[in-house]
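**Student:** Below: sequence and its predicted model.
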Amino acid sequence: MEKPSRRNVLMAGGTLGALGALTVAAPAKASSLWTWSPKGSIAGEGEGADPKWVWDGEADPLVASLIDRGDVPEVNRLLKTWTKNGQPLPDGLPADLRDFLDKARRLPSWADQGKLAKAFEFNQKRGLYLGVTYGFASGMMSTAIPHEARAVYYSKGGADMRDRITKTAKLGYDIGTEKAFQPDGEMIVTCVKTRLAHAGVRHLLPKSAYWTKVADEKIPISQADMMVTWHSLPTTVMKELAKWKVRIPDDEAAAFLHSWQLTAHMLGILDEYIPKSWDEADAQAAQVLDPVLAPTAEGIKLADMLLNLAAFVDGGVLTKHILGALTRYVLGDEIAGWLKIPREPVWDPIFENLWPPFVAVREGVLDITRAPKELREVYWAFDEIIRQGVLLLLSGADYPISIEIPQTNNPHY
């Protein structure tokens, strides 16, 4: 039976994990005060403005103009051919868009190719864990972030979740590739296209009567919104790896952070909001991510949609139970309860009791050859879970995956 490759594991994890990154994340609660200092950022300074009231001053008016003047269909068609970071922009793009893209694709002066190379080594060694954490710590968490869940549900992509998540998988996969930010890589293109998509959602979602009825913000995807999504990815991943007692050298941890700092910048997040260290990231997450987690009717439906994609593999019954149990194990009973994920009498205790030694085997702490046959079969099943996750999430995907500027909201809502 086919075993999961690093590419497929990361792609599957990225599919769920990037769900929020390519759509919208929840802002900090209205009652919370922004106290995080820009001295803790990659910039080391800044105005200290509350990011809930900061959006994208360059992309937003541009994309609104593209939509209003009817240029988006042709722009999407042309940009579909732009896939590599160092590739010339396609001919025929509007001049204002070309100027924006020329600027937006440039790496910041603080980009460190040495750290990015080290980050790839980290991704190589931790691919399995990253697939699981991107998918079940980050991706399923996105359905428990109220504004994110509602925005996904009422946006155009909410009408076809398989199409939505196979497209959003690209960011989660691209960041783990060897030359992600180099000329022959694709991460810069993916980030810039995502930035355009964000601007499209900002312009369109406020026009949805369904979204405005439940939203407590007038414009989605503020800088705070994007940082919530950001923390649901690398910050959450590192917390999970620590919980699983995965030992990560300091230089690899710093390199992994750097790859995500650079991703934040390329997505249009201002440097003054990007944490400069893991300590600062944890401090910021405690203010902007942890307080917003909560159930919503839309989030419950989205979580069920994601788990029901398992119906494409082996009839879906066992697979959905397994994925639900893995979600409960990773996110905990409270969030699983919010999402109405049922308890699994067989698989819940299996993950609770056997996942830690499975990680220990992967880390070389335990010798699997000395484990009982039944235990070895369970460990094989964990690998199989990842393989099935790849199949259920990627079956039916169109390649190459192309991120586009939206033109409408969800036509069903």
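**Tutor:** Yep, it's here.

**Student:** any weak-confidence spans in this protein?
**Tutor:** 1-32, 166-168, 310-319, 364-400 (pLDDT under 70).

**Student:** Okay, domains of it per the record?
**Tutor:** Per automatic domain parsing, the structural domains of the chain span 6-292, 297-394.

**Student:** hey, which of these is tucked in deepest?
**Tutor:** Each of the domains of the chain was assessed for mean neighbour count using mean count of other Cβ atoms under 10 Å. The highest is domain 6-292, with a mean of 20. From N, CA and C alone the C-beta is placed, and that goes for glycine too.

**Student:** Report all helices and strands that whichever strand or helix holds Lys320 contacts.
**Tutor:** For Lys320, the host element (DSSP states H and E) is helix 317-331. Packing partners of helix 317-331 (3 or more Cβ pairs under 8 Å, 6 or more residues apart in numbering; DSSP states H and E): helix 297-308, helix 333-338, helix 347-362, helix 373-394.

**Student:** want to try CSV for the domains of the chain, with distance to His412 as columns?
**Tutor:** As requested, the domains of the chain are exported to CSV (distance: least, Cβ to Cβ, whole Å):
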stretch, distance to His412
domain 6-292, 5
domain 297-394, 12
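
**Student:** In contact with the residue nearest to Gln223 when sequence neighbours are not counted, which residues?
**Tutor:** Once its chain neighbours are removed from consideration, Gln223 has its nearest residue in Pro51; the separation is 3.6 Å (Cβ to Cβ, 6 or more residues apart in numbering). Contact analysis of Pro51 by Cβ atoms under 8 Å, 6 or more residues apart in numbering lists 34, 222-224, 227, 270, 273.

**Student:** Export those to JSON lines and append columns for secondary structure and distance to Asp71.
**Tutor:** Putting these into JSON lines (DSSP: H, G, I helix; E, B strand; the rest coil; distance: Cβ to Cβ, whole Å) gives the following:
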{"residue": "Trp34", "secondary structure": "coil", "distance to Asp71": "36"}
{"residue": "Ser222", "secondary structure": "coil", "distance to Asp71": "25"}
{"residue": "Gln223", "secondary structure": "helix", "distance to Asp71": "26"}
{"residue": "Ala224", "secondary structure": "helix", "distance to Asp71": "30"}
{"residue": "Met227", "secondary structure": "helix", "distance to Asp71": "30"}
{"residue": "Leu270", "secondary structure": "coil", "distance to Asp71": "27"}
{"residue": "Tyr273", "secondary structure": "helix", "distance to Asp71": "30"}
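
**Student:** Looking at these, which is nearest Val359?
**Tutor:** Of all the contacts of Pro51, the one with the least separation from Val359 (Cβ to Cβ) is Met227, at 28.8 Å.

**Student:** quick one, what contacts Gln407?
**Tutor:** Gln407 makes contact with 67, 72-73, 156, 200, 204 under the criterion Cβ under 8 Å, 6+ apart.

**Student:** Quick check: it is in a helix.
**Tutor:** No - going by DSSP: H, G, I helix; E, B strand; the rest coil, the assignment for Gln407 is coil, not a helix.
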